[in-house]
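In: below is the sequence, then the predicted model.
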Amino acid sequence: MASPLLHNVHGSGQASEWVQRWSHLVPPGGRVLDVACGAGRHARWFAARGHPLTLVDRNAEALSALTGLGEVVCADIEGGPWPFEGRVFDAVVVTHYLWRPLMPTLLASLAPGGVLIYETFAQGHETVGKPSRPDFLLRSGELLRHCAPLRVVAYEDGFLPQPARFVQRVVAICEAGQPNAGQPRYALSALP
């Protein structure tokens, strides 16, 4: 079972600073898959930037508020089949959600050149709040290990004080299947 959502952090508020910081790596007009999208804070961020969206969550009530933002899919991605089999996206965004068996599927859902933007709770978080079960907390370096087939552009593992939380977060690019055009340049910040 995945970690419960923290409605004050994951819900309908502002997009995560991590997602905002790295969304410039999603190609203009690139299709974004928002996994466990909740009330759609990241969906709204990407929609405002003109990205076509596919949103998935098991909470039909939360999804009902997202009608018109893109393709909205109500599915149990832990207990049922992956609803996007054979499809790829220019970005896969996941925050405050962890279901380890889904990790290979998420990576396989990236188009060549696609970007994974992932942020969730890590070990140590049990000392400051919920989730606190080890099943819901990433182990040291775990996201890096999952992203080994990708080109990691950014990675953090540590404590954030406001609100107090331990997190791991990664941004990684699927370089497989891309034509070899020399050393790629992934901007570490949005261009002015």
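Out: Nice, thanks for sending it over.

In: strands of this structure, residue ranges please.
Out: Under the criterion DSSP state E, the chain contains strands at 32-35, 53-57, 71-74, 89-95, 110-121, 151-161, 164-173.

In: what's the closest of these to residue 128?
Out: Of all these, strand 164-173 sits nearest to residue 128, with 4.3 Å by Cβ to Cβ. Using the backbone N, CA and C atoms, a C-beta is placed for each residue, glycine as well.

In: would you mind getting the angle between the closest one and strand 110-121?
Out: For strand 164-173 against strand 110-121, the angle by axes from the mean of the first three to the mean of the last three Cα atoms, to 10 degrees is 170 degrees.

In: ranges for the helices of the chain?
Out: Secondary structure of the chain (DSSP state H): helices at 7-10, 17-22, 41-47, 60-64, 103-108, 142-146.

In: any idea which of those has the lowest pLDDT on average?
Out: Lowest mean pLDDT within the helices of the chain: helix 7-10, a mean of 39.

In: go through stretch 44-62 and flag the buried ones.
Out: By neighbour count on 16 or more other Cβ atoms under 10 Å, the buried set for stretch 44-62 is 44-47, 51, 53-58, 62.

In: export the residues you listed to TSV and tack on distance to residue 73?
Out: Below are the buried residues of stretch 44-62 laid out as TSV (distance: Cβ to Cβ, whole Å):
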residue	distance to residue 73
44	17
45	19
46	16
47	16
51	16
53	11
54	7
55	7
56	5
57	8
58	10
62	12
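
In: where does this structure have low pLDDT?
Out: 1-12, 179-183, 191-192 (pLDDT under 70).

In: report the central residue of it.
Out: By Cα atoms, centre = their mean, the mean C-alpha position of the chain lies nearest to residue 94, the distance being 1.9 Å.

In: what pairs with that one across the strands?
Out: Beta bridges link residue 94 to residue 35, residue 118 when assigned by DSSP bridges.

In: still on that earlier bit, I'd like the strands of the chain as JSON lines, with distance to residue 143 appended.
Out: Below are the strands of the chain laid out as JSON lines (distance: least, Cβ to Cβ, whole Å):
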{"stretch": "strand 32-35", "distance to residue 143": "14"}
{"stretch": "strand 53-57", "distance to residue 143": "20"}
{"stretch": "strand 71-74", "distance to residue 143": "25"}
{"stretch": "strand 89-95", "distance to residue 143": "10"}
{"stretch": "strand 110-121", "distance to residue 143": "6"}
{"stretch": "strand 151-161", "distance to residue 143": "7"}
{"stretch": "strand 164-173", "distance to residue 143": "4"}
